[in-house]
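>>> the following block contains a protein sequence and its predicted model.
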Amino acid sequence: MPRNRSAFPLAMLAVAAFVYNTSESFPVGALPEIASGLRVGESQVGALLTVYALVVAVTAIPFVVMTTRVARRRLVMITIVTLAVSSLAIAAAPSYEVLLLARLLSATTHGVFWSVLAPTAAMLVPAGRRGYATAVVFAGSSLALVAGTPLVAAMSTTVGWRAAAAALGVVSLLAAVGLRAGLPPLLVEAEPEKRHGRPFAGLLRDRGLALVCAATIVVVIGYFATYTYVSVFLGRYAGLDGRALSAVLAGLGVAGLASVAAVGRFEDRRPRLTVGVCFAVLAAGLGGLGVFGSAIPAPGFVVVSVVLVGGAFAAVPVCLQAAVLRVAPAASDVASSIYVVAFQVGIAGGSLSGGMLLDGGRMDAVPYLSAAATLAALLLVLSAARPRSPRDDARAACEGAGRSIP
């Protein structure tokens, strides 16, 4: 598709990604308000992320395989409408149990949405611009991680967390309308077992994909062990709450947009350098949070460290998803679903381990463990990468042309 024709559908996919990711991380921004409103502990609110992630991990691959031949525009529409219903149900939830069930509704379609997002974006552009297209749509995801959460936090403290959930439901419906108008009919790839004669099970044995997914699990565990309870860290280490907390989280949004913009420019040309810088900055920010939060208390540097963490991680999913498309270009949908499972396992493991350490009085250890996990993940993802040859580029170009829209 020509660049001027692909801009709007890419933008609409970015909007959908923003809404979906903001909804997924909703408990992070509204954690104190949900806990007090429903009279449950902070770790129980954190468990909303854990259970959600486990459901996605179980349903993502089978649902993606089952819907391989369904038009992608229809799939995206179904997932966004389901999200809208889920968000409105959360807004009206009378108890913690009902809120949990409402979140699980959108969890069942979460894997399908994220599995087709990057491959759909890649189909809208030439093969040589896949990194750019991935960065554009994941800008919405990254913005949700670092700006959606502060918006939820700000609304939760001013008008209440129920109003914030209802607003997400309304925005989801508007996003569905925009996608219906802006996303063209997309070609559907062959079923996974027929792609280049490569069975689906073969993807599970692919060394490159396995390393990328292993790196994903490790880095996401590390990040979410800290990020799930970022409000708690900023409250105890920097004395922030209410509007001050929302302002700091908004700073993450600015940093995240800057990092995603930079990744969009360099990912296609220098993928190893790009991922190395992102992971290194993330590890430095997490380490700084530990040092300046407990070892050498300095509230100002705590805030700087948190902004570095949020800004760096905003670009991490872009790098990882682009790596998935590079190592498994012939089966991008299913490979992406495996990556989604890895990401959700990481979220579940991170939010659960962070909550356990928090309840066990080991809060000060969390940032250090997160930094160590990030460095370990960097080694894994660099091991998965290999220099591309002209033959690889030619093959990718042919595959991209076969899937592109006329």
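Nice, I can see it. Numbering: from 1, shown residues only.
>>> distance from stretch 103-113 to the middle of the chain?
A distance of 13 Å separates the centroid of the chain from that of stretch 103-113, by CA atoms, centre = their mean, to the nearest Å.
>>> quick check: mean pLDDT of it?
Across stretch 103-113, pLDDT averages out at 92.
>>> give me the contact list for it.
Outside stretch 103-113, the residues within contact range by CB atoms under 8 Å, 6 or more residues apart in numbering are 16, 20, 23-24, 48, 51-53, 55-56, 59-61, 63-64, 67, 75-76, 78-80, 82-83, 85-87, 89-90, 337, 340-341, 344. For glycine as for every other residue, the C-beta is placed from the backbone atoms N, C-alpha and C.
>>> same thing but at 7 Å, please
By CB atoms under 7 Å, 6 or more residues apart in numbering, the residues outside stretch 103-113 that reach it are 20, 23-24, 48, 52, 55-56, 59-60, 63-64, 67, 75-76, 78-79, 82-83, 85-86, 89-90, 337, 340.
>>> residue 180 reaches residue 77, doesn't it?
Yes - using CB atoms under 7 Å, residue 180 makes contact with residue 77 at a distance of 6.2 Å.
>>> show me which of the two is the more surrounded one.
residue 77 (18 against 14; other CB atoms under 10 Å).
>>> elements contacting the helix or strand containing the more buried one?
Using DSSP states H and E, residue 77 sits within helix 72-91. Secondary-structure packing of helix 72-91 (3 or more CB pairs under 7 Å, 6 or more residues apart in numbering; DSSP states H and E): helix 3-24, helix 96-123, helix 161-182.
>>> quick one: closest of these to residue 240.
The minimum distance between residue 240 and these falls on helix 161-182, with 18.5 Å, by CB to CB.
>>> what's the angle from the closest one to helix 3-24?
Here helix 161-182 runs at 160 degrees with respect to helix 3-24, directions being taken by axes from the mean of the first three to the mean of the last three CA atoms, to 10 degrees.
>>> give the buried residues for helix 161-182.
161-162, 164-169, 171-173, 175-176, 178-179, 182 (16 or more other CB atoms under 10 Å).
>>> need the residues that contact it.
8-9, 12, 15-16, 19, 22-23, 26, 30, 33-34, 37, 76-77, 80-81, 83-84, 87-88, 90-91, 152, 155-156.
>>> what's the angle between it and helix 72-91?
170 degrees.
>>> so how far is helix 161-182 off the chain centroid?
18 Å.
>>> tell me the mean pLDDT over it?
pLDDT averaged over helix 161-182 gives 90.
>>> send me it as CSV with only the CA atoms.
Below are the C-alpha coordinates for helix 161-182, written out as CSV (Å, rounded to 0.1, in the frame of the first residue of the first chain):
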residue,chain,number,x,y,z
TRP,A,161,-11.9,4.7,39.0
ARG,A,162,-15.4,3.6,37.8
ALA,A,163,-15.6,6.8,35.7
ALA,A,164,-12.1,6.0,34.3
ALA,A,165,-13.3,2.5,33.3
ALA,A,166,-16.4,3.8,31.7
ALA,A,167,-14.3,6.3,29.7
LEU,A,168,-12.2,3.5,28.4
GLY,A,169,-15.3,1.7,27.3
VAL,A,170,-16.5,4.7,25.3
VAL,A,171,-13.1,5.3,23.7
SER,A,172,-13.1,1.6,22.7
LEU,A,173,-16.3,2.0,20.9
LEU,A,174,-15.1,5.1,19.1
ALA,A,175,-11.9,3.2,18.1
ALA,A,176,-14.0,0.4,16.7
VAL,A,177,-15.9,2.9,14.5
GLY,A,178,-12.6,4.4,13.3
LEU,A,179,-11.2,1.0,12.5
ARG,A,180,-14.3,0.0,10.5
ALA,A,181,-13.9,3.1,8.4
GLY,A,182,-10.1,3.2,8.1
